[in-house]
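>>> next comes the sequence, and after it the predicted model I'd like to discuss.
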Amino acid sequence: MSSEPADPFEPICSVEELRSAETMTVQAGGKSMAAFWHEDEPHVVDLRCPHMGFPLSDGTVEDGVLTCHWHHARFELSCGDTFDPWADDVPAYPTEIRDGEVYVRSEPEQERSPAERWADRLETGMAENLRLVIAKSVIGLDDAEVPHAEPLAQGVEFGTRYRADGWSSGLTILAAMGNVLDDLRPEDRRRAMYTGLRHVASDCAGEPPAFDQPAFDAEDVPFERLKAWFRENVEVRDADGAERVLRTAVETCTREEVEELLFAAATDHVYLDTGHTLDFANKAIETLDRIGWEQADDVLASLIPSLTDANRSEEQSEWRQPMDVAGLLFEVYGGGPNETEGLEALAEEGGGLEGSGDWDRPDAFRDTLLDDDPEAILDGLTDAVAAGASPADLADAVCDAAATRVAQFSPSNEFSDWNTVHHTSTYANAVREATDRVDAVELYRGVFDAAMNVYLDRFLNQPAIPIPDPDAEATDRDPETILDDLLGVFDREGEVNRAGELVGEFLAADGDVADLAETLGEGLLREDAGFHTLQAYEAGLRQYERARSERERRTALVAIARYQAAHFPTRREAEQTFTIADRLHRGEKIHEEA
């Protein structure tokens, strides 16, 4: 015996009541709704304006258009669709009239799943550069249990398609935030995705879209020839030619060969674009690890402008005077900026690109890299290659030296010089990450370039701020209390040295570094952190993970904290937007505080 299905409609008021009042607040299915009598029929929508939660029962209706009185968002009354992309659609509920009563079904018509809806809204948010819409979309996608790789891929596709100038800071930030998700508290992972995606949207705002050049039809061009063609086109700054060659390589070569081609061009000149060129290439490849190599065609093509338009450091006076540092590098490389013969000979002597495994970094090697004599630094590096040091071996050591420059940066320098030591550190980190994936003699050039930049940064450690020594930082304070103090330091300007001291004290108290990473992430993501500050967190954590000694690990963490403290606090406008989106998602009443 079958039972009758439950009636999905329930009464909310009489027709006469609604006709007389024209607008009413009603309840159905545990939801608050706004009911309207317009053009001789009832209409019911969700009570809250989807933009900022203002009660739509306080709005007005004219010619079938419902207008919210707070920010003047407009909605097509019968279906709830908005005229204004920044406002979102409001749920509209089916109605019936029965025996003089208005009935409503408390479930709106839904043609799309929440995941599809929020993905569409994310696209709109990025296209219109709407932070609140992006924040709502990130939260909605996360609540719908959509893997982070999907909005990451959506952001990368958008950023590479709608910016003719190609890969830049926004996509690099998105890649970095994708890399640190596991280092953050669960609640901050949403903030990280929001941070990356809003920066992509900002980068693309007002920019012309990209127009692709096709790959060559030829399928049998040898890799070495493609590599030579690519480098030559980059050398003469022919972006169209370089793109055709790169797309052909993606179609016909192995992944490792494509990476080698990119890193060769990115190191053919010294420290291209203050390190951004190679860093962008590395981040694009890391992102492909998350979203799939099948996206490599368009993603890697977006790197072309950063290669062909880059500033070449050997053309800068600081690399030529008073010491011709660039010239010293070229002598090692084989006589010029595009050469590798000298490095190939050294690597062969040392057992090949993977190194002989016999080289054991001397304790004094860090002091060599921090020396005031560039020739001594180069001698130390070349001797190491000949003794069997791989690019990864040397990159580890140079990363530590570069992090030391940040950790010991003197606040007596100009504030903009934080960028100088930061660029060296993130460049060295990018070279090191690249060495994990590809064996290419050109990456030795990246290591040597980074080491020379550590030398050029030496005056920014005058005077050098001591890195805290846990043996001298004995404390009986609880690690959690120290982390609270660290967040407090980020609330005040000028507490750079104190931030480093607190990290030293935390380590001396045997605090869990995972807790420190989460706290540094919390401090970072509540601020309007810029490109470099966001990079510094990600690069510092990667350096910490690779560090070979307690001193190196301490240096990496102190560098993050001091860099963040130098750039905090900010106005926290982005966090305010995210908080509003989060509260709206939870159903809180924002308008009552206005």
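Everything's here; your move. Please read these numbers as outputs of a predicted model, since none were measured by experiment.
>>> what about the residue nearest to Ala265 when sequence neighbours are not counted, neighbour count?
In this structure, Ala265 finds its nearest non-sequential neighbour in Val234, 4.5 Å apart by C-beta to C-beta, 6 or more residues apart in numbering. Glycine gets a C-beta too; all of them are placed from N, C-alpha and C. Using other C-beta atoms under 10 Å, Val234 is surrounded by 27 other residues.
>>> Ala242 is in contact with Val234, correct?
Yes - the criterion here is C-beta atoms under 8 Å, and Val234 meets it with Ala242 at 5.2 Å.
>>> can you pull the pLDDT of the residue nearest to Ala265?
With respect to pLDDT, Val234 scores 98.
>>> quick revisit: which residues are common contacts for Val234 and Ala242?
The contact sets of Val234 and Ala242 overlap at 265, 307-308 (C-beta atoms under 8 Å, 6 or more residues apart in numbering).
>>> pipe those residues into a markdown table and attach distance to Ser14, pLDDT and neighbour count per row.
Formatted as a markdown table, the shared contacts of Val234 and Ala242 follow (distance: C-beta to C-beta, whole Å; pLDDT from 0 to 100; neighbours: other C-beta atoms under 10 Å):
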| residue | distance to Ser14 | pLDDT | neighbour count |
| --- | --- | --- | --- |
| Ala265 | 75 | 98 | 29 |
| Leu307 | 71 | 98 | 29 |
| Thr308 | 72 | 98 | 21 |
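>>> out of the residues you listed, who's nearest His585?
Nearest to His585, judged by C-beta to C-beta, of the shared contacts of Val234 and Ala242 is Leu307 at 41.4 Å.
>>> ok, for the closest one, nearest residue in space, not its chain neighbours?
Val234 (4.8 Å).
>>> what does Ile134 give?
Closest to Ile134 by C-beta to C-beta, 6+ apart is Gly125, at 3.9 Å.
>>> how about Leu487?
Leu487's closest residue in space is Gly523 (C-beta to C-beta, 6+ apart), at 5.6 Å.
>>> residues contacting Val299?
By C-beta under 8 Å, 6+ apart, the neighbours of Val299 are 156, 160, 167, 284, 287-288.
>>> repeat for Phe83
65, 73-76.
>>> hmm, try it at 7 Å
Arg74 (C-beta atoms under 7 Å, 6 or more residues apart in numbering).
>>> distance check, it against Cys49.
Using C-beta to C-beta, to the nearest Å, Phe83 is found at 13 Å from Cys49.
>>> number of nearby residues for Val236?
Val236 has 9 nearby residues by other C-beta under 10 Å.
>>> ok, Lys136 next?
26.
>>> for it, which non-adjacent residue is closest in space?
Per C-beta to C-beta, 6+ apart, closest to Lys136 is Ala581, 4.6 Å.
>>> sorry, back to before: need the three-state assignment for the residue nearest to Ala265.
Here Val234 is recorded as helix under DSSP: H, G, I helix; E, B strand; the rest coil.
>>> thought it was touching Gly241?
No - judged on C-beta atoms under 7 Å, Val234 makes no contact with Gly241 at a distance of 9.0 Å.
>>> what does stretch 107-125 rub up against?
8, 85, 88, 91-94, 133-134, 136-137, 140-141, 144, 146, 151, 154, 201.
>>> picking that back up, measure how buried the residue nearest to Ile134 is and give me the count.
Gly125: 26 neighbours (other C-beta under 10 Å).
>>> cool, and Asp89?
Neighbours around Asp89, by other C-beta under 10 Å: 18.
>>> so how far is Glu109 from it?
11 Å.
>>> again, but for Leu307
50 Å.
>>> how's the protein carved up into domains?
Taking automatic domain parsing as the reference, the chain has its domains at 9-105, 114-204, 470-526+538-575.
>>> could I get these as TSV with distance to Thr248 and mean pLDDT?
As requested, those are exported to TSV (distance: least, C-beta to C-beta, whole Å; pLDDT from 0 to 100):
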stretch	distance to Thr248	mean pLDDT
domain 9-105	39	95
domain 114-204	18	97
domain 470-526+538-575	32	95
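>>> which stretch among the ones you listed comes nearest Cys253?
Judging these by C-beta to C-beta, what sits closest to Cys253 is domain 114-204, at 20.0 Å.
>>> straight-line length of that closest one, end to end?
Counting by C-alpha to C-alpha, to the nearest Å, you get 26 Å between the two ends of domain 114-204.
>>> could you do stretch 335-351 as well?
23 Å.
>>> list the buried residues for that stretch?
Within stretch 335-351, the residues that count as buried by 16 or more other C-beta atoms under 10 Å are 337-340, 342-343, 346-347, 350-351.
>>> can you tell me which residues contact the closest residue to Glu22 other than its chain neighbours?
Excluding the flanking residues, the one nearest Glu22 by C-beta to C-beta, 6+ apart is Trp37, at 5.4 Å. Contacts for Trp37 (C-beta under 7 Å, 6+ apart) come out as 18-19, 22.
>>> quick one: buried ones out of the residues you listed?
Buried among the contacts of Trp37 (16+ other C-beta under 10 Å): Leu18.
>>> got a list of what Asp220 touches?
Asp220 neighbours (C-beta under 7 Å, 6+ apart): none.
>>> can you flag which of the contacts of stretch 107-125 belong to strands?
Counting by DSSP state E, the part of those found in strands is 92-93.
>>> how close does Gly122 get to Val45?
Just so we're on the same page, residue 122 is Leu rather than Gly. 23 Å.
>>> now do the helices in the stretch 351-500 of the chain.
365-369, 374-386, 391-407, 417-435, 442-456, 479-489, 496-508 (DSSP state H, counting those that start in this stretch).
>>> list the buried residues for the shortest one?
Translated: helix 365-369. Quick answer for helix 365-369 (16+ other C-beta under 10 Å): 365-366, 368-369.
>>> what of stretch 323-335?
Under the neighbour-count criterion of 16+ other C-beta under 10 Å, stretch 323-335 has 323, 325-326, 328-330, 332-333 buried.
>>> tell me which two of these sit farthest apart.
Met323 and Tyr333 (17.0 Å).
>>> returning to what we had before: drop anything exposed from the contacts of Val299.
Here, 16+ other C-beta under 10 Å leaves 156, 160, 167, 284, 287-288 buried among these.
>>> returning to what we had before: ok, the residue nearest to Lys136 - how many residues close by?
Around Ala581 there are 24 other residues, counting by other C-beta under 10 Å.
>>> could you list every helix and strand that the host helix or strand of it packs against?
Using DSSP states H and E, Ala581 falls within helix 573-585. Judged by 3 or more C-beta pairs under 7 Å, 6 or more residues apart in numbering; DSSP states H and E, helix 573-585 is in contact with helix 131-143, helix 186-204.
>>> confirm Glu10 sits in a strand?
Yes - read with three-state DSSP, Glu10 is one of the residues of a strand.
>>> what's across from it in the sheet?
Beta-bridge pairing for Glu10 (DSSP bridges): Val104.
>>> so it sits against Ala28, correct?
Yes - assessed by C-beta under 7 Å, Glu10 is found in contact with Ala28 at 5.4 Å.
>>> so which of those two has more stuff around it?
Ala28 (19 against 13).
>>> so for Asp469, what's the pLDDT?
Here, the pLDDT recorded for Asp469 equals 84.
>>> show me what contacts the nearest residue to it once chain neighbours are set aside?
Nearest residue to Asp469 in three dimensions, chain neighbours excluded: Gly504, at 7.0 Å (C-beta to C-beta, 6+ apart). The neighbourhood of Gly504, defined by C-beta under 7 Å, 6+ apart, consists of 468-470, 473, 558.
>>> looking at the residues you listed, state which has the most neighbours.
Neighbour-wise, the contacts of Gly504 (other C-beta under 10 Å) top out at Val558, 27 neighbours.
>>> send over the helix or strand harbouring it as PDB, restricted to the C-alpha atoms.
Assigned by DSSP H and E, Val558 belongs to helix 550-567. C-alpha atoms of helix 550-567 as PDB (Å, rounded to 0.1, in the frame of the first residue of the first chain):
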ATOM      1  CA  GLU A 550      69.600  23.200  12.200                       C
ATOM      2  CA  ARG A 551      71.300  26.500  11.500                       C
ATOM      3  CA  GLU A 552      70.000  26.600   7.900                       C
ATOM      4  CA  ARG A 553      66.500  25.700   9.100                       C
ATOM      5  CA  ARG A 554      66.600  28.500  11.700                       C
ATOM      6  CA  THR A 555      67.800  31.000   9.100                       C
ATOM      7  CA  ALA A 556      65.000  30.200   6.700                       C
ATOM      8  CA  LEU A 557      62.300  30.700   9.400                       C
ATOM      9  CA  VAL A 558      63.800  33.900  10.800                       C
ATOM     10  CA  ALA A 559      64.000  35.300   7.200                       C
ATOM     11  CA  ILE A 560      60.200  34.700   6.800                       C
ATOM     12  CA  ALA A 561      59.300  36.300  10.100                       C
ATOM     13  CA  ARG A 562      61.500  39.400   9.600                       C
ATOM     14  CA  TYR A 563      60.400  40.000   6.100                       C
ATOM     15  CA  GLN A 564      56.700  39.800   7.100                       C
ATOM     16  CA  ALA A 565      57.200  42.000  10.100                       C
ATOM     17  CA  ALA A 566      58.900  44.600   7.900                       C
ATOM     18  CA  HIS A 567      55.700  44.800   5.700                       C
END
